[in-house]
Every structure is written in structure tokens, then in C-alpha cells.
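Student: Structure of the sequence below:
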Amino acid sequence: MSLVESTRIAPADPGAGYRAHRGAIDRAVLDVMASGRYLQAGENAAFEQEFAAYLGAEHAVGAGSGTDALELALRACGLGPEDAVITVANTATATVAAIDLVGATPVLVDVDPATSVMDPESLEEVLSSAAGRSVRAVIPVHLYGHPAEMPAIREIADRHGLYVIEDCAQAHGAEIEGRKTGTWGHAAAFSFYPTKNLGALGDGGALVTGDAKLAERARAIKQYGWRERYVSAVPGMNTRLDEVQAAVLRVKLPYLDRDNERRRRLAKRYDRALASTGIETPAARRDIRHVYHQYVIRTPRRDDLRRHLEAEGIGTAVLYPVPIHLQPGYCDRVRLGPGGLPHTERLAARILSLPIYPELTDAQVDRVAAAVQDWADDQ
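Tutor: Just a heads-up that it's a prediction; the model follows:
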């Protein structure tokens, strides 16, 4: 193994998150294993209560994944065939897949070119156009840890009588005007995929809501539509947060704010180091608290920089290289607003995620930044 290979910096390292809490996680998992109860038991119920309390929400409902949580939210809001749901194209496939899974039509709007999140003006524009017909909900995506413009989006949605379902898969603990993401909409969906700011050791998700009736519907739908065992009152699905993952998340939740603060410090370190390179660093609105799930820079020579960093033993990621409306599996299953998605398409060719996670050391960040600086100096 070469020196570069042995000292490689990964773009994400969920194993480091486990090692940081290994003793407590091992004990929690062994306790679940010994209990003989692996689904829908005490760990799941306790995590739902603790996560809702952390967010300042009334209800949390565990699910098998973030995608399932989005689908569950859509179903609990009564959305299905003949309905349309507005979201963005620069997101994980999961956002659009969940809309498709309930039989609704995704309608995609453009983003703010500075922050990469849903542009409220584009939302308003599409609702006033032919593409806005049959729209019943909007899913703003809090991308990279930067919240969407929820006050403006909620005002527009309320005026048009739409459900608002927040996609919080990358925004655990992020805030807008001091209020956490996940509490601005009628419902919200979180993912606990291992690389998330709050990550499990496998798949997991949660629906969050302040609406008791919506939470009750979600709890029935998530397990076959049962309100009494083996009797489906409504059509349902099968999605559960298992006890092992709930136990792991309970161990890690008390450290989420500390870990997010570490991410912010690392982001500032990158900001300072890259200020003179000419490379565009992440923007953040003043009214928000970013949690830097990703640290995303922009350059028109993204692929060249990525190859340079890989040669230096530094892993990177592109989230996301192909907008949903240009992907073969969904290009004929979505509608676009009248102005198209020019900002989304331009961003997709320029974005690059540098390594960022709480266990990353200052020295490692400095090494990444130095490699970026060296590349920029040669341009």
C-alpha cells in the first residue's frame, strides 16, 4: 500500500461516527439483542419521543428509510394518482421516487443559484402556469444542510392551499430564524442513512409532524393500514425503524448539536483557506443555521479538480451529477415549470463536495485545502 493510499481522506466516514461512541453503541445493541424484541418496541418508542422533543415537534413516527418516510408523509396527507407535487431536480432520487411511488406526478422547479435550494419565485411561477394544475403539495429540500426558504414557501403554499412536506434528509438540527427544520411544514421526512448528520448503522427514517391526526394516519399506514392487528382500515405499507437502529440513534442524538457545531467550525476553516483561490465556497443566508452535511464548492473545472484531489489521496463526491429531469428513469415521468431549470443544470456541472464530518481533524482539512490551493495556483 502506498503512502497516499494509507493516508487517504474519505469524503465521508460513518465508521468514525461509530468508533466515537463504540462503547455506548455496543451496549445498546447488545441490550436489544438480549431483549428478544426487535421491532416496534421500547427503543423505537423512546427514540420517537426524544427526536420529536429535540426538534420541538409534537410527533415523530419511525420508518424504514428516508424514502419511506417521504412516501408515508405523502400517503398520510392523502396524496395519490391525479395529484401533482412540486419539488426540485437537484436532489437525491428518493425525493422524486417517493412522489412517483404514491402515483402522483412530480413537478420540478428551479433553485436559487446562490444557495441551491428551492426558489420561491419559481414555485409561484409554476403554480400560476399550466404545469401547476392539480398540484396539492410541495416538497422543499433542505440541501447540503442549508435550509430552504420556508417562511416564503409556506406563505405561498398556504395561499394556494397546498400541503408542505419538508425533505430534511440532509438537515438534522438546521434552523431558520431559530426554529428547526422539520417543524415548518405539515409534515417532514428525515433519513438516518449512516452518512447523515444523525446516522444509524443501516437504513432508517422518520416522519415528523405537529398534526395529531396526520401522525395517527401515518402510524396506521406504516403497518399495513392496521388500527387493530391484522385488520387493515386503510391501504398501507410496511415500513418500520427497527429496534437496533433506534437504539443507536438514541445514543447519538445527544451529540448531534455538538457534531453540527464541529461541522460549522470545519466549514469556516475551509472558507478561510479557500478565500483566495477563486473557487466559489458555500453561501448561507443570514437567517439560517447551516449544519454542513456537505461542504460544496463550485468550479467550472470540477472534474479536473476532482482528479487532482484523488491523486492526492483525497476523496470527493458530486451531489448530484445528473438532475432528476435528465435521468432516464424519470425524464418522462416529471413536469417542468415554464422557465425550465437553467440554474439547476448549470450547478450540476460545477459542484464538488469536499470531505466534512465531525471526526475529521483540523490537519486533514488543512491538507485538503492545501491540495485545492495547489490546483488553483496552477490554473
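
Student: got a pLDDT number for Ala130?
Tutor: You'll see Ala130 listed with a pLDDT of 87.

Student: Not counting sequence-adjacent ones, nearest residue to it?
Tutor: Of all residues not flanking Ala130 in the chain, Pro338 sits nearest, at 7.9 Å (Cβ to Cβ, 6 or more residues apart in numbering). All C-beta spots, glycine's among them, are computed from the backbone N, C-alpha and C.

Student: So the one you found: helix, strand or coil?
Tutor: Here Pro338 takes the coil state, with states given by DSSP: H, G, I helix; E, B strand; the rest coil.

Student: what sits against it?
Tutor: By Cβ atoms under 8 Å, 6 or more residues apart in numbering, Pro338 lies in contact with 125-126, 129-131.

Student: what does Ala233 give?
Tutor: When contacts are counted by Cβ under 8 Å, 6+ apart, Ala233 touches 220, 225-227.

Student: now the contacts of Pro338 in CSV, with distance to Asn44 and secondary structure?
Tutor: Listed next are these as CSV, based on distance: Cβ to Cβ, whole Å; DSSP: H, G, I helix; E, B strand; the rest coil:
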residue, distance to Asn44, secondary structure
Glu125, 42, helix
Val126, 38, helix
Ser129, 43, coil
Ala130, 44, helix
Ala131, 40, helix
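
Student: Relative to Ala24, which of the residues you listed is nearest.
Tutor: The closest of these to Ala24 turns out to be Val126 (Cβ to Cβ; 47.0 Å).

Student: just to revisit the earlier point, for Tyr270, see how far away the residue nearest to Ala130 is.
Tutor: 37 Å (Cβ to Cβ, to the nearest Å).

Student: before we move on, what about Asp100?
Tutor: 36 Å.

Student: what does Arg217 give?
Tutor: Computed with Cβ to Cβ, the distance linking Arg217 and Tyr270 is 43 Å.

Student: now Ala137
Tutor: Distance of Ala137 to Tyr270, computed by Cβ to Cβ: 36 Å.

Student: same deal with Arg258?
Tutor: 19 Å.

Student: More neighbours: those two, which one.
Tutor: A count of neighbours by other Cβ atoms under 10 Å puts Tyr270 above the other of Arg258 and Tyr270, at 22 against 9.

Student: Separate out the buried members of the contacts of Ala233.
Tutor: 220, 225-226 (16 or more other Cβ atoms under 10 Å).

Student: can I get those in CSV with secondary structure and distance to Leu207?
Tutor: Formatted as CSV, these follow (DSSP: H, G, I helix; E, B strand; the rest coil; distance: Cβ to Cβ, whole Å):
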residue, secondary structure, distance to Leu207
Ala220, helix, 12
Gly225, coil, 15
Trp226, strand, 17
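
Student: so, if you compare these, which one comes nearest to Ala370?
Tutor: Nearest to Ala370 among those: Ala220, at 54.8 Å, using Cβ to Cβ.

Student: So for the nearest residue to that closest one once chain neighbours are set aside, what pLDDT did the model give?
Tutor: Closest residue to Ala220 apart from its sequence neighbours, by Cβ to Cβ, 6+ apart: Arg227 at 5.3 Å. At Arg227, the pLDDT value in this model is 91.

Student: Quick one: mean pLDDT over stretch 322-336.
Tutor: On average, the pLDDT along stretch 322-336 is 98.

Student: what comes up buried for it?
Tutor: Going by neighbour count (16+ other Cβ under 10 Å), the buried part of stretch 322-336 is 323-325, 327, 330, 334-336.

Student: and if you look at stretch 278-296?
Tutor: Buried residues in stretch 278-296 (16+ other Cβ under 10 Å): 279, 281-282, 284, 288-296.

Student: what does stretch 26-40 give?
Tutor: Within stretch 26-40, the residues that qualify as buried are 28-29, 32, 40, counting by 16+ other Cβ under 10 Å.

Student: Can you list which of the residues you listed are found in helices?
Tutor: When these are checked against helices (DSSP state H), the matches are 28-29, 32.
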